[in-house]
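*Asks:* Take this sequence and fold it.
(2 chains)
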Amino acid sequence: MIRPVDVVVVGAGIVGAACAYYAARAGLHVLVVDRGPVAGGTTGAGEGNLLASDKAPGPELELILHSLRLWQALGDELGADAFELDDKGGLVVASTPEGLRALRELATSQREHGVVAEEVAPAALPEHEPAIAAGLAGGVYYPQDMQLQPMLAAAHLIRAAVREHGAAFRTGTEVTGVIRTRDGRVSGVFTPAGVISCGAVVNAAGTWAGPVADLAGAPVPIEPRRGFILVTEPLPPTIQHKVYAAEYVANVASDSSDLQTSAVVESTRAGTVLIGASRERVGFDRTFSLPVLRRLAAQAVALFPVLADVHAIRAYRGFRPFSPDHLPVIGPDPRAPGLLHACGHEGAGIGLAPVTGELITAALTGARPPLDPAPFRPERFA
Amino acid sequence: MISFDGRPVPAQPGQTVAAALWAAGIRTWRSTRGGAARGLFCGIGACHDCLATIDGRPSQRACLVEARSGMTVESNHSETAPEGNQGGALATTREQGPEFRFGLPASGASADIAVVGAGPAGLAAAATAALADRRVVLVDAAPRAGGQFWRHPEGADGHGHRDWRVFEGLISIVDDRADHLPDATVWFAETVPGGFRLHTTAGEVRADRVVLATGAHDRALPFPGWELPGVVTPGAAQALLKGSGVSVGRRVVVAGAGPFLLPVAVGLAEAGVRVVAVVEAGEPSTYLRRPGVLAGAAGKLTEAAGYAVALSRRRIPYLVRHAVVAAYGVGKVSHVDVVRLDQQGKAMSGSRRRLDCDAVAVGYGFTANLELALALGCRTVRGADGSLAVEVDADGATSSAGVWAAGEITGVGGSSLAVVEGILAGAAATAAGGGPPAQSVRDLALLRRRRGRLRAFAEVMHAAHAIPAGWPAWLGEQTLVCRCEEVTFGRLRHAVAELGAGDARTVKLLARPGMGWCQGRICGYPTAALTAGLCGRDVTDADLAAFAHRPFAAAVRLDDLAADRAAPIE
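*Replies:* As a prediction, the model looks like this:
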C-alpha cells in the first residue's frame, strides 16, 4: 500500500520535475512517478535551450518571458552551477536580405512585448561570434536567451522537491490506469506497485502524454516530432552564444510533417558543440537518418566554417511532444476533474517548465495564476 | 624520420606514429581538458587517448596511423582552438583524404557480401565466400589485414606469430579473389532496400549481405593511477611489439586476467624486456576440473602449457589470484601495488606489496566492438565473460536478416574459434544468396562440432579468468572511471546517491561517463558494473547496452559528414 498523496505527477522529465517542485514547495504532498528513470525521455534528448528569441508575440512568448525569470530564480535557489545555467544569449543570423527583413520584423514585434533584441550589423557579427562565417546579411542578438543542462536540471528539481519539500519519487513505476469516482473525479492511479490514492493527477508524460490522458478518458492530441542532434568532440571555447539561422523560427512554427532542418549551434560546459535542429513527424521511428545528419553537419559548417575539421563523435535523437496549435496543454481538464495536463511543449519544454509548474500549482491550490492560462486549456481541442 | 612538435624522431618503416614516439621515449602527446597528459593506452584505436595532429589533420589516433618519412606530428593540447578560416583549409584536407580503391565509384562499390574486419574471423569469412565465387569486399580499418591477432609490419615473416600459415593461406585467397579495402573505417552502417550500405573512410560499400567480424579490444578496469603514462593494456603492449617492434618498457608488469597475458609476457621477455611478474586475478587451475572440455580443445591446452614453460624458464613469477590495485609515479608509472585475492575476489589484508616497473600492461579479457551490429539491429546476449556479445546461431546468423557475425563479437574465444566461425558465417552468407554452396554439408557439420568444442573451452576459460568480484573496492572517490571526460567514481556515486540515477544510462546523462572521445568503449563495462553496485543490484544487459550503442561507429569530420559523397538518398 502506497501512502495517499495530494498529487501524483506522471513523468519525471523537466516539466514533471518543475510541477513537483512548485507543488511541493506550496505545501502539497507530491509523488512523482515515471515508468523509466529521471529525464529518460525528451528531456534527456534535447539541447537545454531557454529561448525567447524563437517565439513570435503571443501566449507562448508571454509564457517564456515569465519562465526565464523563474529559471533565474531557480538558479539562485538550487545553484546555477548545479545544472549549468548559462545566460549566454542567443544570436540569430540571416543569410539573405529577405531573411534579414523578416528577422527584423520579428524582432520589432518582440520588442513591444518585452524581448530585448539588438540588431547586429554584418560587420559586427564577429564581435559576437569570432568564428562565424563571412557573408551573412546580418543578425539579431537576444541577451535573454539562456542554456542549461536539462537532465541535471530535472534531477535537481526533483531532488529539491524530495529533500526540501517532502515530495516522493518512484522510478520504474508505470501508471497503468487512472481511477475515477462515480461522479467522474480522478481519485488515484494504478501502478504495478499498487494503487496510489490521490486528489489530483498531473499528466506530465511529455511526448507520451496522449496514452496517459487516454487512461483518464480525456484525450489530448500530442504527437512525436523527431529531432536529431550531432555532438562534436570537446573543443576549447569556440562558439559563445546559442547561434541559429533565421529559418529556424519558421521551422518551429510550421505545421508540416515533412523534414525541416535549420542550423542551431551551441557549445556546452563540457566543451562539445551541439548541432541541431531537425523536425519531422515520423512517429516513434528511432532509426538514425544519415541524410538528416548530413544536412545538419552541412548547415553547421556553413555557419561556422571552423567546424569543418571538427569531428562528430556522437548523435542522438529524441521526440518532441508536438501539439497541433504549437501551444502547450496546461491546466485542469474539465472532462476529468482532478486531472491536470502539463504537456505538449514541443521543443520548448525546458524553457517553459517552471511557468508550467507555477500554473499547475496555482490550479491545484486555487492561487492566482501568474498569467492568463486560457490559451493553454486542455479542452480547446475537443 | 618524422617530426614531433618540430623535432626529429626516428621512425622505422611500418611503425605506427605512436610506436615511433614511444620508441623515442615520448610517453605523452596530448592533454585532456582537465590538463592531464596522455599518450598510449589501448594501442588499437579504441580509447582515443593518443590523439595527435598528423600532417595537419587534427585528432588522429596515433596508434593507427603508420609513420611515413617526413610526417609532421603535433601534440594535441585541448587548449588550442581549432584553426579555421572561411573554408580554405577544407580543400587541402579533403585532398589528403583516403582515395577510393579498386575503382570503387563514389556512388559505392557493390558486392554480394561485405565482410567487416580482416582479423581471423573476417579473413576466414571473406576467403570462404570468395572461394565460392561470390563478389566479396573485405573492409578493414587497418592498413594491412590480420586484425589484432596477426598484426604485423609490412614484409613480416610471421616470426612470433601463431598459426601464421593459416593467415598466409587466407590472405592469398583474399588477395586473389576478393576486394580488400584497407584503411577503411566504417563510421556508419545502414539498412537500405535489398541490402546494406557501409559508409567508410575509404568510400561507400553496398552489399546484399554483411558478415561482421569487428573483433574486440581489451577490457580495462579502473584503479587509482591507471591514467598514468606507462599504464597500458596488454593489447597495446602486444600491438607495439608485434606491429612496430617496440617494447612498452624495460621493466614491465603484465597484469589482469586471461590467457592472453601469457603470450604478451613471453613476447616481451623474448624481446629482452624484464617482465617483473605476470599478475593473474583468476585461478587457471580450474581448467583441470573440466577434463571433458579440455579434451575437446587439446591444442589450446598445449598452447597454454607452452607459455607456462616459457615463463618458468625465464623465472618470471606467475602470481595467480593476485591483482594490480594501484599505480604510482610522477609523470609516468614507477611502481604498482599488488594484492593477493581471496576466494571471493577481494584483496586480502596485509597482502599489499610493491613492484617497481616502468610500464604496466593490464587488462581483464576483452570487450566486443558491437556498434555496427547494434546499428544494424542485431540482438545481443551476455557472453560467458559478462560482457555483451552478438546473439548468433551456430552458423553466425544474427537476429537481423542478412547480417552474420563471427569471432570475438559473438563472444570472446580466441583466434582458432574465430577462424572456424568465420568459415561458418562466410558459408552461411554465401548460401543465403542461392547458388552453389561454399562448404559441403559434411564439412559444415564438422566445423559446427569444432565450434561447439572451442566455445565450451572458452566458457571454461572465462570462468577461470573471471573479473575479481572485489575490484570496485580498489577505487577511491577521486579515481577516474571515464578517462575521456575525467569522471571520477565519486561523480558516479553522486549521480546515484544524490540525483536519483538507478541505471547506467541515467548515470551517463547526469555524470557524463562515456560521453567523450571513446564513447564508452573503455569505461562502458566498468561504469555499468559500478552503477549496478551503487544501486545494490546486479548489472543488467541494459546497463551494458547504454554504452554500446554508437550511431557513429567512428568519429567523423563534420565536413566529411556534410559532403554528399554518396548517391543521393531519398
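*Asks:* contacts, neighbours, all on C-alpha from now
*Replies:* Noted.
*Asks:* what stretches of the chain score poorly on pLDDT?
*Replies:* Answering for chain A, as no chain was given. Flagging of chain A using pLDDT under 70 yields the residue ranges A:1.
*Asks:* should've been chain B
*Replies:* B:78-109, B:288-291, B:294-296, B:564-570.
*Asks:* List the buried residues of the longest helix seen in it.
*Replies:* When chain B is parsed with DSSP state H, its longest helix is helix B:441-464. For helix B:441-464, burial by neighbour count (16 or more other CA atoms under 10 Å in any protein chain shown) applies to B:444, B:447-448, B:450-451, B:453-464.
*Asks:* Can you verify B:Leu417 is assigned to a strand?
*Replies:* No - assessed with DSSP: H, G, I helix; E, B strand; the rest coil, B:Leu417 is helix; it does not lie in a strand.
*Asks:* So it is in contact with B:Arg451, correct?
*Replies:* Yes - assessed by CA atoms under 8 Å, B:Leu417 is found in contact with B:Arg451 at 6.2 Å.
*Asks:* Check whether A:Gly283 really touches A:Arg225, as I assumed.
*Replies:* Yes - between A:Gly283 and A:Arg225 there is a contact under CA under 8 Å: 7.2 Å.
*Asks:* Looking at the two, which is more packed in?
*Replies:* Neighbours per residue, other CA atoms under 10 Å in any protein chain shown: of A:Gly283 and A:Arg225, the larger number sits with A:Arg225, 23 against 11.
*Asks:* Distance of that one relative to A:Phe319?
*Replies:* Noted for A:Arg225: a distance of 5 Å to A:Phe319, by CA to CA, to the nearest Å.
*Asks:* Check B:Asp208 too.
*Replies:* The spacing between B:Asp208 and A:Phe319, counted by CA to CA, is 32 Å.
*Asks:* One more: A:Pro373?
*Replies:* Computed as CA to CA, the A:Pro373 to A:Phe319 distance reads 25 Å.
*Asks:* which of these two has more neighbours?
*Replies:* Under the neighbour definition other CA under 10 Å, A:Pro373 and A:Phe319 were set side by side, and A:Phe319 has more, 29 against 17.
*Asks:* interface residues of the stretch 101-250 of chain A facing chain B?
*Replies:* Residues of the stretch 101-250 of chain A that fall close to chain B, judged by CA under 8 Å from any CA of the partner chain: A:131, A:133-134, A:151-152, A:155-156, A:159, A:233-238.
*Asks:* How about the residue of the stretch 401-550 of chain B found nearest chain A: what's its closest non-neighbour residue?
*Replies:* Using CA to the nearest CA, the closest approach of the stretch 401-550 of chain B to chain A is made by B:Leu499 at 5.4 Å. Nearest residue to B:Leu499, sequence neighbours excluded (CA to CA, 6 or more residues apart in numbering or on different chains): A:Ala155, at 5.4 Å.
*Asks:* what helix or strand does the one you found sit in?
*Replies:* With secondary structure defined by DSSP states H and E, A:Ala155 is part of helix A:150-165.
*Asks:* Report how many residues lie close to the residue of the stretch 251-400 of chain B found nearest chain A.
*Replies:* Of all residues in the stretch 251-400 of chain B, the one sitting closest to chain A is B:Ala375 (8.6 Å; CA to the nearest CA). Number of residues near B:Ala375 (other CA under 10 Å) recorded here: 20.
*Asks:* dump the residue contacts of it.
*Replies:* B:Phe188, B:Ala189, B:Glu190, B:His549, B:Arg550, B:Pro551 (CA atoms under 8 Å, 6 or more residues apart in numbering or on different chains).
*Asks:* hmm, back to that, any of the residues of the stretch 101-250 of chain A next to chain B buried? List them.
*Replies:* Using 16+ other CA under 10 Å, the buried members of those are A:131, A:133-134, A:151-152, A:155-156, A:159, A:233-238.
*Asks:* wait, which of those residues is closest to B:Leu138?
*Replies:* Using CA to CA, A:Glu233 comes nearest to B:Leu138 of those, at 29.2 Å.
*Asks:* thinking again about what came up before, show the overlap between the contacts of B:Ala375 and what lies near chain A.
*Replies:* Within the contacts of B:Ala375, those near chain A by CA under 8 Å from any CA are B:Arg550, B:Pro551.
*Asks:* Redo the contacts of B:Ala375 as a markdown table? Include neighbour count and secondary structure.
*Replies:* Below are these laid out as a markdown table (neighbours: other CA atoms under 10 Å in any protein chain shown; DSSP: H, G, I helix; E, B strand; the rest coil):
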| residue | neighbour count | secondary structure |
| --- | --- | --- |
| B:Phe188 | 24 | strand |
| B:Ala189 | 24 | strand |
| B:Glu190 | 20 | strand |
| B:His549 | 18 | coil |
| B:Arg550 | 23 | coil |
| B:Pro551 | 24 | coil |
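*Asks:* can you name the two of the contacts of B:Ala375 that are farthest apart?
*Replies:* Within those, two members stand farthest from each other by CA to CA: B:Glu190 and B:His549, at 13.9 Å.
*Asks:* Phi and psi next, for B:Val279.
*Replies:* Taking degrees, to the nearest 10, you get phi -110, psi 110 for the backbone angles of B:Val279.
*Asks:* Over to B:Ser3?
*Replies:* Here is the backbone geometry of B:Ser3 (degrees, to the nearest 10): phi -110, psi 130.
*Asks:* is it in a bridge, and if so with what?
*Replies:* In this entry, B:Ser3 is beta-bridged to B:Pro8, B:Thr72, by DSSP bridges.
*Asks:* give the contact list for it.
*Replies:* Residues near B:Ser3 by CA under 8 Å, 6+ apart: B:Val9, B:Gly70, B:Met71, B:Thr72, B:Val73.
*Asks:* quick one: which of those residues has the most company?
*Replies:* Greatest neighbour count in the contacts of B:Ser3, by other CA under 10 Å, goes to B:Val73: 28 neighbours.
*Asks:* What residues does it make contact with?
*Replies:* B:Val73 makes contact with B:Ile2, B:Ser3, B:Phe4, B:Asp5, B:Ala52, B:Thr53, B:Ile54, B:Asp55, according to CA under 8 Å, 6+ apart.
*Asks:* State the distance from the third one to B:Arg321.
*Replies:* Right, B:Phe4. Noted for B:Phe4: a distance of 42 Å to B:Arg321, by CA to CA.
*Asks:* Same question for the last one.
*Replies:* As for B:Asp55, its distance to B:Arg321 is 46 Å (criterion: CA to CA).
*Asks:* Give me the more crowded residue out of those two.
*Replies:* The neighbour comparison of B:Asp55 against B:Arg321 (other CA under 10 Å) goes to B:Arg321, with 23 against 15.
*Asks:* so that one touches B:Glu283, yeah?
*Replies:* Yes - B:Arg321 lies in contact with B:Glu283 (CA under 8 Å); the separation is 6.1 Å.
*Asks:* Please name the residues that touch the nearest residue to A:Gly139 once chain neighbours are set aside.
*Replies:* The spatial neighbour of A:Gly139 that comes closest, neighbours along the chain excluded (CA to CA, 6+ apart), is A:Val93 at 4.1 Å. Counting by CA under 8 Å, 6+ apart, A:Val93 touches A:Leu100, A:Leu136, A:Ala137, A:Gly138, A:Gly139, A:Val140, A:Val243, A:Tyr244, A:Ala245, A:Ala246.
*Asks:* again, only using 10 Å
*Replies:* Contact analysis of A:Val93 by CA atoms under 10 Å, 6 or more residues apart in numbering or on different chains lists A:99-100, A:103, A:119-120, A:122, A:125, A:132, A:136-141, A:243-247, A:263, A:303.
*Asks:* Can you show me the strands along the stretch 251-382 of chain A?
*Replies:* Using DSSP state E, counting those that start in this stretch, the strands found in the stretch 251-382 of chain A span residues A:260-267, A:273-279, A:311-322, A:329-332, A:339-343.
*Asks:* Can you add distance to B:Arg313 and give those strands back as CSV?
*Replies:* Formatted as CSV, the strands of the stretch 251-382 of chain A follow (distance: least, CA to CA, whole Å):
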stretch, distance to B:Arg313
strand A:260-267, 58
strand A:273-279, 55
strand A:311-322, 47
strand A:329-332, 77
strand A:339-343, 72
